[in-house]
Every structure is written in C-alpha cells, then in structure tokens.
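Trainee: Dropping the sequence and predicted coords here.
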Amino acid sequence: MEDILKSFNSMTGRQLFELQADCGWSLSEAEMLAAQKYFKSINRAPLYAELETIAQTWSEHCKHKTFNGPVEFVKDGKKEFIKDGLFKTTIYKATKKLNKKWCLSVFKDNAGVIEFGKNKKWALAFKAETHNHPCAVEPYGGAETGVGGVIRDILGVGLGAKPVVNTDIFCFADPKYSKKLPQAALHPARIFKGVVDGVRDYGNRMGIPTASGGIWFDDRFALNPLVFVGTIGIMPTWAIEKHVKPGDLVIAIGGRTGRDGLHGATFSSANIEDASEVSAVQIGHAINEKKVLDALLKLRDKKLYRAVTDCGAGGFSSAVGELGSETGVRVDLSKAILKESKIKPWEIWVSESQERMILAVPPKNLKEVEKILKSENCEYCVLGEFTNTERLEVFYDKEKIVDLKNDFLHGGVPRVVKNAVWNTPKFKPSAVKEQKNYGALLNKCLSNLNTCSRESVIRQYDHEVQGGTVVKPLQGITHDGPGDATVIWPASATNDLKDYNGFAVTHGLNPAIGKLDPYQMALNCIDEVFRNLVCVGADINKVAVLDNFCWGSPENPALMGELVLCARGCYDGALTYGAPFISGKDSFYNQSKGADGKDVAVPSTILISAVAPVYDVRKAVTMDFKEAGSGVYLVGATKDDMGGSVAAEELGLVNVAPPQVDGETALKAYKKIYESIQRGLVNAAHDISQGGLSASLAEMSFSGGYGAEIDLKKVPVSGKLKDFQILFSESASRIILEVPSEKEEVFKKLMKGVKIARIGQTSFVPALKIKGLSGKEIVNEKLLKLKSSWQHAGGWPA
Amino acid sequence: MKYFVEVYHKHDYGAHKENGIKKRLQSVGLKDISEVKSYTIYQIDGDYAPAQIENIAKALLADPVLETYAVNPPKPKNIFKVEVWIRDSSTDVVGESVTDAIETLGFKRPQSVRVANAFNIDGKFDEAALEAAIKKTFVNEVVNKFTVLR
C-alpha cells in the first residue's frame, strides 16, 4: 500500500475511486480528488492512516453530506435549487426561528439539551440514533452496540448526563415473512428476536429503564430493518458547556481497543452488500460501559475534566479529532490499551471498539482522576495532549502516522449537488360497501401487526429500574393496555424526593403515510407526538422534538424528492406546533438487493421523538377508562382519511388520501385538553391512531375493564362520511377523553371554541356497543374478545 | 492448557430455556424433538492445577443452588451435542468478564476465556436437519462458529 500511496498525487479520478473502493472508504471520486488536492498543496503523498482518517471524518455518518449539500429539486415539473441544503433550510431554520429560551444546547453536541425542573438547576439531554446496518448483519450485537452508543452520547454531552430512560423503536418485516430471501440475509423473525434481545440485555445490565418505544411492520424492511434507540439523561446546568484547553491531557477510558468495528462509519454509509465486512460487527459489553458511567459521573461532579466525548463511529479518529478540532491535538497510539497485539496503528486509530470515551483532563487533576478510575475498576490510558497547533498529529511511538490541518479535515469535504424529483400522486375517495356489522373488521384491525399488543417485547425490558417510571408503557387495571407516552420522574438523578417535576417521552412514526405523502408523514408524526404527550398531561407548550430520517440511496432522485418533502413537513410542523428540533440524525443507503437481484429500499421513514415537561407527575393521566357513567368525548373532526390506515390495508384499499394535518386547529384543542387535565377534569385520555376511532375505544375499554356505548351520529365529521369511515379513518388530531359525569359541565365550558362532542358514555357492561348513522347497532363486541384479538395476534417469533 | 468447564442446571431449573430452544427449532421445521438439555461451556486457557480449576468452577462459574458442573467431561453418548461459540475474531464479552473475575479471585490471569451456549438434543432427525435448523436459529455465522457432535 505504501508504494501505491507514493503515486497518490498523480492518480486519475477513476484510479482514486478504485483505490477507495478497494479500501472500503465509501468516498466519492470528487472527495478523493479533494483529498488529492490537499496533499498536492502540501507537496507530499498521504500516509495510509491519513486517508483512513479522512474517510471516517468525511463519511455520510459523520458529515451528513446529503442533508448539508445543495439539492436540485423538481416538483411536479417545477425546478428549484436548494443552495444551502436541507438541514439549514428546514430543521435548523425552524429551531432558529422559534428561538426558545429553554433550549440550552442544540445541534452542537452529542445530544440536544433543554431546561428541566425548577430553578434552572437541571437540564435534560435527549438523543436518538439508528443502528440499522449492523442489526441487519448481526441483530443481537448490532442492537446492543446501538444502545451502548446512544447511552455514551448522553454521557458525552456537555460534561456528561446521567441516563434515566432508554427508548427503542423498530421497523421489521412480518415475522411470518415467506418470500425468498438472498442467501446471506437473516429471516425477519431472527432479526426481530435478536434486536429485542440485544436492546434488553444492554439496557437491563446498565440499570437504565427501557420504557418508551414502538414497532412498525412492513415487508419492505425484510432486508434492512430499522433500529432506533434513544436515551434521555439529566445533568446539572453547569455541566452543559465543555472547553478543551491546550495542555489538557487526552485520556481514553473504558473498553480496550481491538479490531472489532473497523470501518463502522464508512460501513453505515454504504449499501450492505457492498461492505458487509465481518470486522464491522461489534459485540457490546454493558458491564464495561456501566463502569465508565459510574466513574464518569464521579469525575464530573468533582469537576476533574474540561471536556468529554464518546468514541462512536470512527473511534479515536473521530472522538480525538472532534475534541481537538479548535485547538490541535497530538496522540501516541502505542499508549492505547489493546485487546490484541497484532493490530496495526491505523486500525487502533479507526477501530470502533465499544465502551470507550475520551476526556480532556488538566494535568494537575491526573492523579485524582486515576484514583477514581481505579476505584471503579475502569481501565484508562493517557494518549497524548491537546495543543495549540490547529493540527491533528498522530504517532505510533516515534512514527508519525497522521498530520493533517484541522480546517482541511473538518471543512474540506466537497459539497455535491443531489437531484430530487417529486410528482404529486392523485388520490380518490375511499369507497367501501357498507356492512351491517363491523365487529369482525374491528377485531381484525386490533390484531393487525401494526395495532396489536407489544407486551411480549415490553415485558422483556426492565422499565422500572431507577424507580421513576410513573406512567408506564403498559397501563390499565391489569397493566397491559397500550399507553400513549411514558412519564418519568428522574429522582434517581436529582436525588430530590420532594421535587415532583418529571417529563413525558413519546414517538411518532408512520411509513404507511410516507408511502403516499412524505410531507404529511412528517406532519402526522409531529401531530402524533403532541397527541401522545397531551394525553398523559405533559405541557405541550414546551415540546422539544428529535428527527431521525431513514432512507434508501440519496443517489435515487425519487427518494431524494421524498426527503425534501419530509424535511419541509418537519419545518412546517415545528413552526406550527412551536416545537423546536433539538437533535437529529439521518441514515441513508438502507437498501439491499433482494433474491431477484433487484434493489429494495426501505420505505422512507422519519421517526419524531419528543419530550415535554410534566410539572407534577402525580397529576399524570393514563388511557384506560376509570369508571362507569362517565362522558366519552371526542376532540377533533373525522374525515375520509383512509390512506395508510390499518383498515385500508385489511381491505386492500389503494390510492386513497392520507390524513391531512391542520396543525393550528389541533394545537388550539391540545392546549385546552392540557388545561382540563391540569384541572383534574379528565379521567382518561387516548389518541386515535392505528385502527381509528373504534380501535381506540376498544383499547380504552378493555384496558380499564369498562364498556362503552357510542353513537356515531354524534361524531364531529368533515364531509359526508359513512359508518365505515367514521369507525376506521385515521384522521389526525383526534383524542378521546373520559370525563366523570360530575365534571362534564365545567369541562364543556373550558373546551368552548374547540371541535368536540360527547359521543357516548362508559358502562358497567363489559362490551363495546356502537350505533351507526342509521341508529342501528353496528358493533357489539365483548371486551374479552376484543382484548384477545389485540393480544393474540400471533406471528411473534418464538 | 485448555480446560473445558461445563455448567448444568440442577433438576428442571432450565426447563423454560429448554422449552424455548425446542420451540425455536420447531419453528424452523425440526420436528420430533424428544429431549433438550441446555448448559454453558467455559473454555479456560491458562496454566492451572486441576484443583485450581475445580475452585474456579465452584467459586465463580456454577451457582451452587441452581447449578452443577464438570471439568473436561466425556462426550455424551447417543445424543447430539451442539456447541455455539463466538468466533475468535469477535470479542467474547462474557469470556472477558470471566477472565477479569478469575484474576480478581486471586488466580493467575488466564490467557483467554471463551464461552459457548450448548445443548444436548435427541429426536427423530438426522445431523443435516439439525445443522440446518441450528443455522436458522442459534447461529449467525458472521459472529458464531458451531459444532454438532454425536
């Protein structure tokens, strides 16, 4: 390789591209040419480790080139040039425009940070990540290391936050998938089981509750599952900022460095069949990370270091390079603690071995730091020091293996124009032959994979550890109903048992809408998180959101078109609802060749994660009906929004419009609901999502053990609808509330100005009875049967 | 020297796990399974006297209430023995923890410890069918290697 690199500066673009392909760097020809230009300018050939460093630092995973680059967008034949890229013109712009003072650190650190609790003493950090490619290859290890990585993001934000809850959202193919798979692909049922096992084992061993999440099924996830993992942490506000000073020591703590995880950053920026190297797969070691967690928080509270970051994608090369990007840094890799002796210096530099973090420690604190690390049995090594040279200098003993200028490394990646196309599809009204009885369809919708109970997965996670899970993922009298959001009381971090401040966390994800309209997918997901948050009594005036985009290849103009629309939906949604994005991530190239050799991309998917304060966790509300004789109220209008719905899937309806969100009207209603919950007027609240009004009523009924008598004539509708649409439409912005009879008058007064109707009442009779528009009973189902349909959908892996 | 310590469930304490193994294998078409016994194998590479290995097994690897163990036991007869190991190129995190723990207990640090999930299985099927089922359930050849012995 040394000989090849001697001629690097005289190679043609094609030769450079071939070189990067051979080395697995996932760089483009333009990027290789930019690297060549730099080395020509300094009049020397590159060293191998330098090109590895550039490949890691410039990877899609680290630099988000698609989101930051310009886009040539053609919508319905009309051309537009998005010069400043999608991130600056949508996600970041919305946050900047909203300018919320309670956002304390956004888009500049490992996680977004907002205010938490009273007296400005505490801050909340939230990050959600994906680990899709590793989970496709090795589901257990991939999921474990995904969880480990996002926990380290929270440990590495500012000077470190204490993780108080983990989140997990998965997209899989049907576990009973029976189509032919390529030779090397794992069956969706194995991926499902492995991923759940991995998330469970890592989170449980770390002592962090995994308490909020979801699962979505679509067969286009067969080859490329999506695995989103998130962590929320609490930190003192003084620990938000970090500043490296020249002279500070570079200390690596935690796991040893091995060959595992080589090329993880570049691997996640490539199609799987191109780069599924065994070494890209890592196995997590939760016990090591727990040692890091315990040691780090002790060091933080004694203020013994000035900065910290985690070793994620790119390993030392990214972490050390990032911390030293404003000062300069010099390290000697011969000082690293290794797992194996035969590892090469460049491999040490880019290895993604897990559970490692980098600290910037003033030399005078070294002894104290060593003492604490030893007491926690946490391995460490002093790798070098931060300098004032504005250069990245890496040695192996006396041999220099990297010497790059920071401004080139961090600012030299060329911006490449991406092409995007979108042609708006035409939809038709949903037309279904009316039925006399909808009980069978309701049971079918409840047992649909995208509606049915997730209890068998949720129960594997320890969602109670740390003792702060107030509103749990499973709710109701037998603790098995589907909650909207989780409420956490992080007293384990604040150590203040008299402070009842908590927060609610939830998610919005709906690739079925994305198939029809990516713009509405983003709006619907934002609306869903608001619905979920308000249902548990969170303050929807202070919602912070995160975006996670998972897409196929950005070289495909049609997929890029979907991305543009979705990002714009995020922008409009954030502004309409007043919810800033505080952190986000993107994952591209989620596509592989199927058994027939054709490329299969995942459905374009956005996950919106959200968090909002709950000022008194004792006032939080759950979704199960609490008593008989209460008024059942429906907030929001039902429309012919069958596109992407569960009923549409069950009945094979195509080309029907997905829900169109009216955010302003919705927000007005949510604010009133929030107030009524705060005033104790609401017994139960549940949003309407998969399965529509009928499924949500069923869930509230069987979770609480009370039946309901509902009259569809009372349901506020928009347009001329039939029983089928009122029962199963998945129109956005609708919430069902149970209001005890003695509070109904006050409640109605409070809700004035909002589209709301009393559609029925709860009952002692354990059945859901619904009268149709004709006045005849169209649903009369026993709660036991409905619950059984919902719980025993079948198809889950053994 | 390499020692193999096998740790077994006492009585039927592993029944839930063994039922799970049975179900998973049945779900990929391996029918007529008559018996499954699951256990863990620790491969300890180090310079120890037999009595020291006994002590390591007793004090660290086997829970005296729920489990029993054997050092370098003979192969079981007339039954398939399946061992699933992490490949040598991948980190065996349980093995790493055991390595640290052996040293913490005051013994010389072993050169390596690798851990396998193992089970003995019997029924009306041949080795090829069992191997195919194992590959679809408990082995991902990206990170695992395995053996089926009879």
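Mentor: Great, that's in hand.
Trainee: Mind jotting down where the helices sit in chain B?
Mentor: Counting by DSSP state H, one finds helices in chain B at the ranges B:15-27, B:50-56, B:93-104, B:127-137.
Trainee: These into TSV, with extra columns for mean neighbour count, distance to chain A and mean pLDDT?
Mentor: C-beta here means a position set from N, CA and C on the backbone, and glycine is covered the same way. Listed next are the helices of chain B as TSV, based on neighbours: other Cβ atoms under 10 Å in any protein chain shown; distance: least, Cβ to the nearest Cβ, whole Å; pLDDT from 0 to 100:
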stretch	mean neighbour count	distance to chain A	mean pLDDT
helix B:15-27	16	4	92
helix B:50-56	16	19	96
helix B:93-104	18	4	93
helix B:127-137	17	7	94
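Trainee: Extract the C-alpha set from stretch A:121-138 and format it as CSV.
Mentor: Extracted in CSV, the C-alpha atoms of stretch A:121-138 (Å, rounded to 0.1, in the frame of the first residue of the first chain):
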residue,chain,number,x,y,z
LYS,A,121,-30.7,23.8,38.3
TRP,A,122,-31.1,20.8,35.9
ALA,A,123,-31.1,20.2,32.2
LEU,A,124,-32.4,17.3,30.1
ALA,A,125,-30.4,15.8,27.3
PHE,A,126,-32.1,13.7,24.6
LYS,A,127,-30.6,11.8,21.7
ALA,A,128,-31.9,9.1,19.3
GLU,A,129,-29.7,7.1,17.0
THR,A,130,-30.1,4.3,14.5
HIS,A,131,-28.1,1.2,14.1
ASN,A,132,-29.7,-0.3,11.0
HIS,A,133,-26.8,-1.8,9.0
PRO,A,134,-25.2,-3.6,12.0
CYS,A,135,-28.6,-5.0,13.0
ALA,A,136,-29.2,-6.4,9.5
VAL,A,137,-25.9,-8.4,9.7
GLU,A,138,-25.9,-9.3,13.4
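Trainee: Return the residues of chain B in contact with chain A.
Mentor: B:20, B:23-24, B:26-27, B:86-87, B:89-93, B:96-97, B:136-137, B:140, B:142-143 (Cβ under 8 Å from any Cβ of the partner chain).
Trainee: who in the stretch 351-500 of chain A is up against chain B?
Mentor: residue A:353.
Trainee: Where does the stretch 351-500 of chain A get nearest to chain B, which residue?
Mentor: Nearest to chain B, among the residues of the stretch 351-500 of chain A, is residue A:353, at 7.7 Å (Cβ to the nearest Cβ).
Trainee: That residue: which element?
Mentor: Residue A:353 is part of no helix or strand when elements are defined by DSSP states H and E.
Trainee: For it, what are phi and psi?
Mentor: phi -50, psi 140 (degrees, to the nearest 10).
Trainee: Residue A:711 too?
Mentor: phi -120, psi 110.
Trainee: My read is that it contacts residue A:758, right?
Mentor: No. The criterion here is Cβ atoms under 8 Å, and residue A:711 misses it with residue A:758 at 9.3 Å.
Trainee: which ones are touching residue A:425?
Mentor: Counting by Cβ atoms under 8 Å, 6 or more residues apart in numbering or on different chains, residue A:425 touches A:516-517, A:655.
Trainee: and it, that one's in a helix?
Mentor: No. Assigned with DSSP: H, G, I helix; E, B strand; the rest coil, residue A:425 falls outside any helix and is coil.
Trainee: Find the helix or strand that residue A:228 is a member of.
Mentor: Per DSSP H and E: residue A:228 is located in strand A:226-236.
Trainee: measure stretch A:18-32 end to end?
Mentor: Length of stretch A:18-32, first residue to last, Cα to Cα, to the nearest Å: 10 Å.
Trainee: Tell me the buried residues in that stretch?
Mentor: A:19-20, A:23-29, A:31-32 (16 or more other Cβ atoms under 10 Å in any protein chain shown).
Trainee: Which two of those residues have the greatest separation?
Mentor: Pairwise distances across the buried residues of stretch A:18-32 (Cβ to Cβ) peak at 15.7 Å, for the pair A:24 and A:29.
Trainee: how distant is stretch B:131-138 from the center of its chain?
Mentor: 16 Å (Cα atoms, centre = their mean, to the nearest Å).
Trainee: same question, stretch A:713-720
Mentor: For stretch A:713-720, the distance to the chain centre is 35 Å (Cα atoms, centre = their mean).
Trainee: same deal with stretch A:77-96?
Mentor: Distance, stretch centre to chain centre, for stretch A:77-96: 22 Å (Cα atoms, centre = their mean).
Trainee: For that stretch, which outside residues touch it?
Mentor: For stretch A:77-96, contacts defined as Cβ under 8 Å, 6+ apart pick out A:64, A:66-74, A:103, A:106-107, A:415, A:547, A:563-564, A:567-568, A:570-571, A:574-575, A:580-582, A:584.
Trainee: hmm, try it at 7 Å
Mentor: For stretch A:77-96, the surrounding residues in contact (Cβ atoms under 7 Å, 6 or more residues apart in numbering or on different chains) are A:64, A:67-73, A:106-107, A:547, A:563-564, A:567-568, A:570-571, A:574-575, A:580-581, A:584.
Trainee: With that, I have no additional questions.
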